[in-house]
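>>> Structure, please.
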Amino acid sequence: MDDIQIVAFRLANEEYGVNILNVQEIIRPTLVTRVPKAQSYLTGVINLRGNVVPVVNLRKRFGINEEKNNDNNTRIIILNVSDLKVGIIVDSVTEVQRITKENIEEPNLIEFLDNKYVQAVGKHDNRLIILLDLQEILELGSENNDKTANSKE
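Purely as a prediction, here's the structure:
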């Protein structure tokens, strides 16, 4: 993995990061419209300048049971991943930072963890930042789509 620039954010007192190349923008929480029978981690959809954007609650996606109400620090990071635009709700955005490849450890070094959503772990200023695998996190309805596709065969 090469040097990367990330947007770092906090979620339940842990620090995570996403590649800045996937970040379209960071917005304050806005009105979310619930979607019936959606996955539990899908909060709903928002209207972002005329575009309907699904919003994922990372706390639910990661199985973090402690609930948190939105406050002045809460943000929605709008991401572009594989031609999909999606928002993720985070407790706060901390900074944009560059992590050198020498300070990035692949997840196979931490095999004892359920690292399905972990792309790597970055070390920056004596902190560990979990770099997320957005492809895994944002599988919105892929299981349902597979079932639908299989039922049509």
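>>> How about the secondary structure of the nearest residue to residue 52 once chain neighbours are set aside?
Excluding the flanking residues, the one nearest residue 52 by CB to CB, 6 or more residues apart in numbering is residue 45, at 5.1 Å. All C-beta atoms are positioned from the backbone trio N, CA, C, and that covers glycine. Under the three-state scheme (DSSP: H, G, I helix; E, B strand; the rest coil), residue 45 adopts strand.
>>> contacting residues for residue 45?
32, 33, 35, 52, 53, 54, 55 (CB atoms under 8 Å, 6 or more residues apart in numbering).
>>> Give me the pLDDT for it.
The per-residue pLDDT reported for residue 45 equals 97.
>>> how close does it get to residue 67?
21 Å (CB to CB, to the nearest Å).
>>> ok so, going back, are any of the contacts of residue 45 buried, and which?
Among those, those classed as buried by 16 or more other CB atoms under 10 Å are 32, 53, 54, 55.
>>> Next step: the residues you listed restricted to strands.
53, 54, 55 (DSSP state E).
>>> if I read this right, residue 17 contacts residue 131, doesn't it?
Yes - applying CB atoms under 8 Å as the test, residue 17 and residue 131 come out as touching, 5.1 Å apart.
>>> residues shared between the contacts of those two?
Contacts common to residue 17 and residue 131, judged by CB under 8 Å, 6+ apart, are 6, 99, 122.
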